[in-house]
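Participant: just need the structure, nothing else, for what follows:
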Amino acid sequence: MRVTVAFIAALAVGIPATSVARADSGPYSQQKKEQPSKQSQEKASSMTGCVDEQEGHYVLVDDRTLARIADLEAEGFPTEGFAKHMGHKVTVRGTSVPGGAHPVFKVRAVETVSDTCAPQPAPQGKP
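Facilitator: All right, here's what the predicted structure looks like:
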């Protein structure tokens, strides 16, 4: 009804119908406004290390100390895709989700750096 009244009033005054505001917009509109989404704690990044399997899950470990860096989670490909990278030094790209003892890294891409991964000997000082 409000749109019809506004449309008729616009025609009577000679205002083109395209410039008549819709009755469901404006400050008194009862439309549900979208709430701003909470900022995600995920951060796009990359990590380099070695792919290993621990406790039935794929993980990324430090190539020098073999300490666990992050838990790996496949995003956009099957988890079994990590199997072909076992024991390889890789760079994974995706998003890191902090939390727990180790962050979860949601992997979107894996790039092989080296086909082997072994702890590096500690540098020895000069005598």
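Participant: what about the strands in this structure?
Facilitator: Ranges of strands in the chain, per DSSP state E, are 43-54, 57-61, 68-74, 89-97, 104-114.
Participant: show me what the first one is packed against.
Facilitator: Helices and strands touching strand 43-54, as assessed by 3 or more CB pairs under 8 Å, 6 or more residues apart in numbering; DSSP states H and E, comprise strand 57-61, strand 68-74, strand 89-97, strand 104-114. Quick note: C-beta positions are derived from backbone N, CA and C, even for glycine.
Participant: any idea of the angle it forms with strand 89-97?
Facilitator: Between strand 43-54 and strand 89-97, the angle comes out at 120 degrees (axes from the mean of the first three to the mean of the last three CA atoms, to 10 degrees).
Participant: over to the third one?
Facilitator: Counting by the same axes, to 10 degrees, strand 68-74 lies at 80 degrees to strand 89-97.
Participant: run the angle between strand 68-74 and strand 104-114 for me.
Facilitator: 100 degrees.
Participant: could the helices and strands packed on strand 43-54 go into CSV alongside distance to Thr48?
Facilitator: As requested, the helices and strands packed on strand 43-54 are arranged in CSV below (distance: least, CB to CB, whole Å):
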stretch, distance to Thr48
strand 57-61, 8
strand 68-74, 9
strand 89-97, 5
strand 104-114, 6
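Participant: dump the ones you listed to TSV, plus mean neighbour count.
Facilitator: TSV is the format used below for the helices and strands packed on strand 43-54 (neighbours: other CB atoms under 10 Å):
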stretch	mean neighbour count
strand 57-61	20
strand 68-74	19
strand 89-97	19
strand 104-114	17
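Participant: same list (those) but as CSV, adding distance to Val51 and mean pLDDT.
Facilitator: Shown next, in CSV, are the helices and strands packed on strand 43-54 (distance: least, CB to CB, whole Å; pLDDT from 0 to 100):
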stretch, distance to Val51, mean pLDDT
strand 57-61, 6, 96
strand 68-74, 7, 95
strand 89-97, 6, 95
strand 104-114, 8, 95
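Participant: between those strands, which gets nearest to Ala44?
Facilitator: Of all the helices and strands packed on strand 43-54, it is strand 89-97 that lies closest to Ala44, at 5.3 Å by CB to CB.
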